[in-house]
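Engineer: need the 3D shape of this:
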Amino acid sequence: MSADEFDLIVIGSGPAGEKGAAQAAYFGKRVALIEKEHVPGGAAANTGTLPSKTLRESSLFLSGFRHRELKGLEFRLKDQVNISDFMARERIVVDTERTRIRWNMERHRVQWFHGHARLVDRETVAIHQSEAPPRQIKGRVILIATGSRPNRPPLFAVPDRRVCDSDTILGMPTIPRALAVLGGGVIGCEYACMFAALGVHVYVVEQRDRVIGFMDHEISLALRSSMEQKGVRFFMNDGVDALDCSDPEVLRLKLKSGGTLDCEYALVSSGRNGNTRNMGLEEIGVELRERGLIKVNEHYQTNIPNIYAAGDVIGNPALASTSMEQARVAMVHAFDLKYKTNVAHILPAGIYTIPECSMAGQTEDEVKREKIPYVVGRATYSQNARGQIIGDHWGFLKLIFRASDQRLLGVHMIGELATELIHIGLTGLLCDATADLFINTCYNYPTLSETYKYATYDALGHLTRESKEAEPA
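Structural biologist: So this is what the prediction gives:
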């Protein structure tokens, strides 16, 4: 094999690209990785997952939110929080992650190339650099892991720094007094919570009647109620008709409902598009879907057998965790490694709002649509010793069981550590567990994990009462 020939060429160094490259290299394959940016990690490390979650922690710390209303203690927001306060920790975390990714590629002996990748044919990739002629390398297998970018509807495609998306909002010079969030999905609600915790006046405009529509309806309603209590104003079943950027001090948004919103910044949260432009994919016959997303099969293989794609560039669920698993499965299939053959059939979703939310399995609405007899059990943080210690009065766990055999169908949480605690229920779902799992488990006391036992008792209590009510008099 020549210096310019590889078993695998990976395009993109985000979660999917990094883990796909490492997976193949671990099994002795010669791997090249191409990254167009000067830093590794993709959106997950640089503009999305890690920065936003780190900023969430900063807002929680600076606002004193985690201390809540602990009796005898009083905390308040620093008198003047500037952008340096808000961004300091984010820079440290991002730099550390970039270093980790480079070290991981070095220890797996993955050869790193910087530049824009364009496919010349089904095995050849040209690497374009700004001040050098293109260099071509060849690979038996190609993994496209180029991620995605924020979608900008035409109305918001304006050259005004005050109109932001999730990639640019972190570059704002100051923390605004008022922020309009256009879209009540995951990203919109996460940033709305983050800035509201810092005392920013936040307005959320959402065209649907529910925030984060894929969540269980009870969790969605509880999240909205909690956000409203923190000062977030919602404009549901609404949208923006016009945007006025003429005033250098104020952005003015005209709503479809007829009202107007004045703010300093606007965050556009309208989904994401696949990063596939100018890559030569269509020219060599790779089939694309809407918004530039790549069409793949269950092995993450495109319609061209030696070309694979994983991560955000193939669309939902577009999570860092699933992207890593998709890339590993793709490489196992590509090189017949007899290892991980599929991604878990049930995946968790973590939403880092304040309070955070998480879910796995079916929602109550889905169970109803499938006409499955079911029972719901709930346990609140306010009735849990650890919940009272930390002062979380909003949190609760909701478990959905099949009525006939108490098989666990869905797990839904809102509250402190929800994105961690969900994994207890996720493991139960993957093992086809019944209510017995939680009843027979002994949990540490005092812990939030105990809510699993008491939510299960609640569900069994409902079943018992329903059974008695069904008995003939």
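
Engineer: every contact and neighbour count from this point should use C-alpha atoms.
Structural biologist: Will do.

Engineer: which residue is nearest the centroid of the protein?
Structural biologist: Leu319 (4.9 Å; Cα atoms, centre = their mean).

Engineer: test my guess that that residue contacts Asp312.
Structural biologist: Yes: the pair Leu319 / Asp312 is scored as a contact, 7.2 Å apart, by Cα atoms under 8 Å.

Engineer: give the buried residues for stretch 414-429.
Structural biologist: Neighbour counts over stretch 414-429 (16 or more other Cα atoms under 10 Å) mark 414-419, 421-423, 425-426, 428-429 as buried.

Engineer: which pair of the residues you listed spans the longest distance?
Structural biologist: Glu416 and Leu429 (21.6 Å; Cα to Cα).

Engineer: and the buried residues of stretch 414-429 as CSV, adding pLDDT and secondary structure?
Structural biologist: Formatted as CSV, those follow (pLDDT from 0 to 100; DSSP: H, G, I helix; E, B strand; the rest coil):
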residue, pLDDT, secondary structure
Ile414, 98, strand
Gly415, 96, coil
Glu416, 94, coil
Leu417, 95, coil
Ala418, 97, helix
Thr419, 96, helix
Leu421, 98, helix
Ile422, 98, helix
His423, 98, helix
Gly425, 98, helix
Leu426, 98, helix
Gly428, 98, helix
Leu429, 98, helix
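
Engineer: quick check, nearest of those residues to Pro133?
Structural biologist: Thr419 (46.9 Å).

Engineer: any idea how far Thr341 is from the closest one?
Structural biologist: 26 Å (Cα to Cα, to the nearest Å).

Engineer: equivalent analysis for Gly387, please.
Structural biologist: Gly387 is 40 Å from Thr341, by Cα to Cα.

Engineer: neighbour count winner among these two?
Structural biologist: Gly387 (22 against 18; other Cα atoms under 10 Å).

Engineer: helix/strand/coil for the more buried one?
Structural biologist: Put simply, Gly387 is helix when judged by DSSP: H, G, I helix; E, B strand; the rest coil.

Engineer: confidence score at the closest residue to it other than its chain neighbours?
Structural biologist: Leaving aside its sequence neighbours, Gly387 sits nearest to Tyr381 (Cα to Cα, 6 or more residues apart in numbering; 4.5 Å). Looking at Tyr381, its pLDDT reads 97.

Engineer: hmm, back to that, so what's the residue nearest to the centre of the chain up against?
Structural biologist: 311-312 (Cα atoms under 8 Å, 6 or more residues apart in numbering).

Engineer: next up, phi/psi of it, please.
Structural biologist: phi -120, psi 150 (degrees, to the nearest 10).

Engineer: show the pLDDT at it.
Structural biologist: 86.

Engineer: can you list the domain ranges for this structure.
Structural biologist: Following automatic domain parsing, the chain resolves into domains at 5-149+273-335, 154-270, 355-465.

Engineer: looking at these, spot the one closest to Pro348.
Structural biologist: domain 355-465 (4.6 Å).

Engineer: how far does the closest one stretch from start to finish?
Structural biologist: So domain 355-465: terminal residues 33 Å apart, Cα to Cα.

Engineer: ok, stretch 284-304 next?
Structural biologist: 9 Å.

Engineer: can you pull the pLDDT of Val81?
Structural biologist: At Val81, pLDDT is 59.

Engineer: could you pull out the strands for the stretch 101-250 of the chain?
Structural biologist: 111-114, 116-119, 124-129, 132-144, 148-150, 163-164, 178-182, 201-206, 233-236, 240-244 (DSSP state E, counting those that start in this stretch).

Engineer: what number of residues lie near Asn303?
Structural biologist: Neighbour tally, Asn303, other Cα under 10 Å: 16.

Engineer: longest helix anywhere in the chain?
Structural biologist: helix 83-107 (DSSP state H).

Engineer: now do the same end-to-end measure for stretch 347-357.
Structural biologist: 14 Å.

Engineer: give the helix, strand or coil label for Ala21.
Structural biologist: helix.

Engineer: now do the contacts for the closest residue to Lys36 other than its chain neighbours.
Structural biologist: The shortest distance from Lys36 to any non-neighbouring residue, by Cα to Cα, 6+ apart, is to Gly115 (4.3 Å). Taking Cα under 8 Å, 6+ apart, we find Gly115 in contact with 34-37, 127-130.

Engineer: now with 7 Å, please.
Structural biologist: 34-36, 127-129 (Cα atoms under 7 Å, 6 or more residues apart in numbering).

Engineer: pick the one among these closest to Val296.
Structural biologist: Among the contacts of Gly115, and counting by Cα to Cα, the member closest to Val296 is Ile34, at 21.0 Å.

Engineer: ok, which stretches of this protein are helices?
Structural biologist: Under DSSP H, the chain gives helices at 15-26, 42-46, 49-63, 83-107, 186-197, 217-229, 281-284, 320-335, 364-369, 385-390, 418-430, 435-440, 451-470.

Engineer: now do Gly183 against Val240, distance only.
Structural biologist: Look at Gly183 and Val240: by Cα to Cα, they are 10 Å apart.

Engineer: one more: Leu399?
Structural biologist: 37 Å.

Engineer: who's more crowded, these two?
Structural biologist: Leu399 (27 against 20).

Engineer: in terms of contact, does the more buried one touch Gln406 like I think?
Structural biologist: No: contact criterion Cα atoms under 7 Å: Leu399 and Gln406 do not qualify, at 10.6 Å.

Engineer: OK, contacts around Thr260?
Structural biologist: Neighbours of Thr260 in contact, by Cα under 7 Å, 6+ apart: 252-254.

Engineer: quick one: those as CSV, columns for distance to Lys453, neighbour count and pLDDT too.
Structural biologist: Converted to CSV, the contacts of Thr260 look like this (distance: Cα to Cα, whole Å; neighbours: other Cα atoms under 10 Å; pLDDT from 0 to 100):
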residue, distance to Lys453, neighbour count, pLDDT
Arg252, 50, 20, 96
Leu253, 48, 20, 97
Lys254, 49, 16, 97
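
Engineer: nearest to Arg272, of those residues?
Structural biologist: Leu253 (22.2 Å).

Engineer: verify the stated contact: that closest one with Cys245.
Structural biologist: No: under the criterion of Cα under 7 Å, Leu253 is not in contact with Cys245, lying 8.9 Å apart.

Engineer: quick one on the thing from earlier: can I get the strands of the stretch 101-250 of the chain in a markdown table with distance to Thr260 and mean pLDDT?
Structural biologist: Formatted as a markdown table, the strands of the stretch 101-250 of the chain follow (distance: least, Cα to Cα, whole Å; pLDDT from 0 to 100):
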| stretch | distance to Thr260 | mean pLDDT |
| --- | --- | --- |
| strand 111-114 | 46 | 95 |
| strand 116-119 | 42 | 96 |
| strand 124-129 | 46 | 94 |
| strand 132-144 | 43 | 94 |
| strand 148-150 | 25 | 92 |
| strand 163-164 | 16 | 94 |
| strand 178-182 | 11 | 97 |
| strand 201-206 | 11 | 97 |
| strand 233-236 | 11 | 97 |
| strand 240-244 | 9 | 95 |
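
Engineer: good, we can wrap up now.
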